[in-house]
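# Could you look at this predicted model? Sequence included:
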Amino acid sequence: MHKESAIREPLILGHKTYHEITVDVCKPIEDKAPRAWYVLFAIALIIAIYGIGCIFYLLGTGIGVWGLNKTIGWAWDITNFVWWVGIGHAGTLISAVLLLFRQKWRMAINRSAEAMTIFAVFMAGTFPLIHMGRLWLGYWVFPLPNQFGSLWVNFNSPLLWDVFAISTYLSVSLVFWYIGLIPDFATLRDRVKRPIPKKMYSILSFGWSGRAKHWNRFELVSLVLAGVATPLVFSVHSIVSFDFATSVIPGWHTTIFPPYFVAGAVFSGFAMVQTLLLVMRKAMKLEAYIHTKHVEYMNIVIMVTGSIVGTAYITELFISWYSGVEYEGYAFMNRATGPYWWAYWSMMTCNVISPQLMWFRPLRRSLYFTFFISIIVNIGMWFERYVIIVTSLHRDYLPSSWSMHYPSHIDIGVYIGTIGIFFVFFLLFARFFPVVPIAELKSILKSSGESYKNGDVPHHTPSNDAPAVEAPAPAKEEKAAAPAVSAEEMKEKASKLMEKIGAASGDAKDDLKAISGVGPVLEDKLNGIGIFTYEQVSKMTKEEYDLLDELTASFPGRAERDDWAGQAKELMNKSNS
């Protein structure tokens, strides 16, 4: 096991056991959803329905209902497309790059980030489709045989590169997300009682049994996918930037766009992860697994990428002056002082100034401040795309063609609707799938769990019926330092335990071996203490578990980890029915 420095803050708070991790993550799925989930889902669904209505109205009427004109042929539609693609960037970064760098803090957030990626790319793909106008004729883009011969798409166009880049990105992200879910699907399969969910999780788990061969292949496939996905982190948004950089329009024709767009995508993606997780940790009661340290790490990434984006803004301004090209200089001066000055300075405030507040440790560790800044950043990143697109188009080479863009209510409705649809998808994911990876969290419990870092919890112990291994005799110095517990003390602890759980007769004893973790040897020890029935075991809490560990001196922590009390209650219910 990798030893972690004691000065590092734990990534799992509280005295958590393996069993408690499983219960905490599965509880929102197995039980009725929290009230906060229903409230959020209702709000998201109303917004989504409104957005879908706007989309149907647009398809039925035509894209003339947008606020486009002959000068500004791209506006909210392409702005929203690039914004959603950028938001989907963080999932691959957290999944692939941080996995290759073995960053443990990613394990609490990667599942939600991957889901966010998939849903964000779905939303991004909506805009090119509805931009076709007559979507039912969309098959015309394929090279179908006809009387004029097959008409092929233009492979030299960056717009076509987008199709291949984003579809590849979506495919890899989807596979990565699903592979990580398989062990957790198996856990849910074994826990749920209702037949339909049990069948569903059984199919989704692909027969996972947790054998060493399965884990070996799981790790291998994860690493391979991480290696394949890592170039996508840089390629996808670079290709999206070529939509603009390969043109000759002032303000677009620049080589800085690919790295600038990639940094901006990571910047906005991490901000959206913060927004989602800060809400989800509260709604799903996962504060022990997603907490201040995770927020701080993500805020550092936001601070760094925000600084890169700010540097790109300044570089653009410098090059527009240094190049000596009059049109380039005017394009950037028009952004800062022209009719859209408010959008430009909103972008600069949100994306350049606000992330620099993260240099102050109390602020970057504040959950409320982080939630506020995460929303500010994504507002700023939307304005960035709007400024790049609209301000570069609305005043071109011919002053007689200059125009302004005024969004229609359909522009706004479609955009707001995609946000609603995105949250509907994410909330359904959180309701039926584990929002944090159970197996991966357990893998870091001993190195990054609060109790283990403090030395309060013993190490993991052998399986159910494995014979106890006799510990080597301690040195004389150790004997002197830690004298054996006297018989009187043991008797006193046994009496205290029996007071808590009640006495029982050996004549009516239950088969304690039916409890997972209790073998014949341990059953004899429990009987020797005076524990004979399920009812006694069902009354155990943390205090009784600790007393039992001291009395049996066998596999400390097992009773609590395996939830003997919960098992005993189930056995009592079965015997009574």
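In hand now; what should we look at?
# What are the boundaries of the helices in the stretch 201-350 of the chain?
For the stretch 201-350 of the chain, the helices defined by DSSP state H, counting those that start in this stretch cover 212-245, 257-283, 292-322, 326-337, 341-348.
# Please name whichever of those is nearest to residue 28.
For those, the distance to residue 28 is smallest for helix 257-283, at 8.3 Å, taking Cβ to Cβ. C-beta: built from backbone N, CA, C; applies to glycine.
# Can you name every helix or strand that the closest one contacts?
Judged by 3 or more Cβ pairs under 8 Å, 6 or more residues apart in numbering; DSSP states H and E, helix 257-283 is in contact with helix 35-61, helix 76-87, helix 89-92, helix 110-131, helix 212-245, helix 292-322, helix 367-393, helix 409-432.
# Can you check what angle separates it from helix 212-245?
130 degrees (axes from the mean of the first three to the mean of the last three Cα atoms, to 10 degrees).
# Averaged pLDDT, helix 257-283. What do you get?
Averaging pLDDT along helix 257-283 gives 89.
# Check the offset of it from the chain's centre.
Relative to its chain's centre, helix 257-283 lies at 10 Å (Cα atoms, centre = their mean, to the nearest Å).
# Name the stretch among the helices and strands packed on helix 257-283 that sits most buried.
Mean neighbours per residue, mean count of other Cβ atoms under 10 Å, is largest over those for helix 89-92, with a mean of 30.
# Check which helices and strands that helix sits against.
Going by 3+ Cβ pairs under 8 Å, 6+ apart, helix 89-92 lies up against helix 110-131, helix 158-191, helix 212-245, helix 257-283.
# Over the shortest one, what's the mean pLDDT, rounded is fine.
If you average the pLDDT over helix 110-131, you get 90.
# tell me the angle of that helix relative to helix 292-322?
Using the same axes, to 10 degrees: helix 110-131 against helix 292-322 is 40 degrees.
# repeat for the last one
Put simply, helix 257-283 runs at 150 degrees to helix 292-322, going by the same axes, to 10 degrees.
# With the third one instead?
Using the same axes, to 10 degrees, one finds that helix 212-245 and helix 292-322 are set 30 degrees apart in direction.
# same for helix 212-245, what does it pack against?
Secondary elements touching helix 212-245 (3+ Cβ pairs under 8 Å, 6+ apart): helix 76-87, helix 89-92, helix 98-100, helix 158-191, helix 257-283, helix 367-393.
# Buried residues in the shortest one, which are they?
Right, the one you point to is helix 98-100. Within helix 98-100, the residues scored as buried using 16 or more other Cβ atoms under 10 Å are 98-99.
# Please list the residues outside that helix that contact it.
106, 110, 222-223, 226-227, 230 (Cβ atoms under 8 Å, 6 or more residues apart in numbering).
# Can you tell me, leaving aside adjacent residues, what's nearest to residue 375?
residue 275 (6.2 Å; Cβ to Cβ, 6 or more residues apart in numbering).
# if we can go back for a sec, of all the helices of the stretch 201-350 of the chain, which lies closest to residue 178?
Across the helices of the stretch 201-350 of the chain, closest to residue 178 is helix 212-245 (Cβ to Cβ), at 10.3 Å.
# Could you check how far that closest one is from the centre of its chain?
Put simply, helix 212-245 sits 16 Å off its chain's centre (Cα atoms, centre = their mean).
# what angle separates that helix from helix 76-87?
Angle of helix 212-245 versus helix 76-87, following the same axes, to 10 degrees, is 140 degrees.
# Let me see the domain layout of the protein.
Using automatic domain parsing, the domain parsing of the chain gives 34-138+153-452, 485-576.
# Mean pLDDT lowest where, among these?
domain 485-576 (a mean of 79).
# Would you convert the helices and strands packed on helix 212-245 into TSV that also reports distance to residue 360?
Shown next, in TSV, are the helices and strands packed on helix 212-245 (distance: least, Cβ to Cβ, whole Å):
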stretch	distance to residue 360
helix 76-87	26
helix 89-92	23
helix 98-100	25
helix 158-191	34
helix 257-283	17
helix 367-393	9
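# Tell me which of the ones you listed lies nearest to residue 434.
Minimum separation from residue 434 across those (Cβ to Cβ) falls at helix 158-191, 4.6 Å.
# circling back to that earlier point, put together JSON lines for the helices and strands packed on helix 257-283, with distance to residue 20 on each row.
As requested, those are exported to JSON lines (distance: least, Cβ to Cβ, whole Å):
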{"stretch": "helix 35-61", "distance to residue 20": "21"}
{"stretch": "helix 76-87", "distance to residue 20": "33"}
{"stretch": "helix 89-92", "distance to residue 20": "27"}
{"stretch": "helix 110-131", "distance to residue 20": "18"}
{"stretch": "helix 212-245", "distance to residue 20": "22"}
{"stretch": "helix 292-322", "distance to residue 20": "19"}
{"stretch": "helix 367-393", "distance to residue 20": "23"}
{"stretch": "helix 409-432", "distance to residue 20": "20"}
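# quick one, what contacts residue 24?
Counting by Cβ under 8 Å, 6+ apart, residue 24 touches 16, 285-286, 288-289.
# ugh, wrong one, I meant residue 306
Applying Cβ under 8 Å, 6+ apart, the residues contacting residue 306 are 267, 351-352, 354-356, 358, 377.
# quick revisit: compare the helices and strands packed on helix 257-283 and report which one is nearest to residue 168.
helix 212-245 (6.8 Å).
# now the angle from that closest one to helix 367-393?
Here the directions of helix 212-245 and helix 367-393 differ by 40 degrees (the same axes, to 10 degrees).
# Next, the angle helix 158-191 makes with helix 212-245.
Helix 212-245 runs at 150 degrees relative to helix 158-191, counting by the same axes, to 10 degrees.
# thinking again about what came up before, restricted to helices, list the contacts of residue 306.
Using DSSP state H, the subset of the contacts of residue 306 located in helices is 267, 377.
# Looking at the contacts of residue 306, which is nearest residue 528?
Using Cβ to Cβ, residue 358 is the member of those that sits closest to residue 528, with 59.0 Å.
# ok, the spatially closest residue to that closest one that is not a sequence neighbour to residue 290 distance?
Among residues not flanking residue 358 along the chain, residue 303 sits closest, at 3.9 Å (Cβ to Cβ, 6+ apart). Distance of residue 303 to residue 290, computed by Cβ to Cβ, to the nearest Å: 19 Å.
# tell me the contacts of residue 259?
Contacts for residue 259 (Cβ under 8 Å, 6+ apart) come out as 238, 308, 312.
# Looking at the helices and strands packed on helix 89-92, spot the one closest to residue 97.
Closest of the helices and strands packed on helix 89-92 to residue 97 is helix 212-245, at 5.7 Å (criterion: Cβ to Cβ).
# Quick test: name the residue nearest the centre of this protein.
With distances taken as Cα atoms, centre = their mean, the residue of the chain nearest its centroid is residue 112 (2.1 Å).
# Quick one: residues contacting it.
Applying Cβ under 8 Å, 6+ apart, we find residue 112 in contact with 273, 276-277, 280, 426, 430, 435-436.
# Using CSV, lay out these together with distance to residue 367.
As requested, those are arranged in CSV below (distance: Cβ to Cβ, whole Å):
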residue, distance to residue 367
273, 14
276, 13
277, 10
280, 13
426, 19
430, 18
435, 17
436, 17
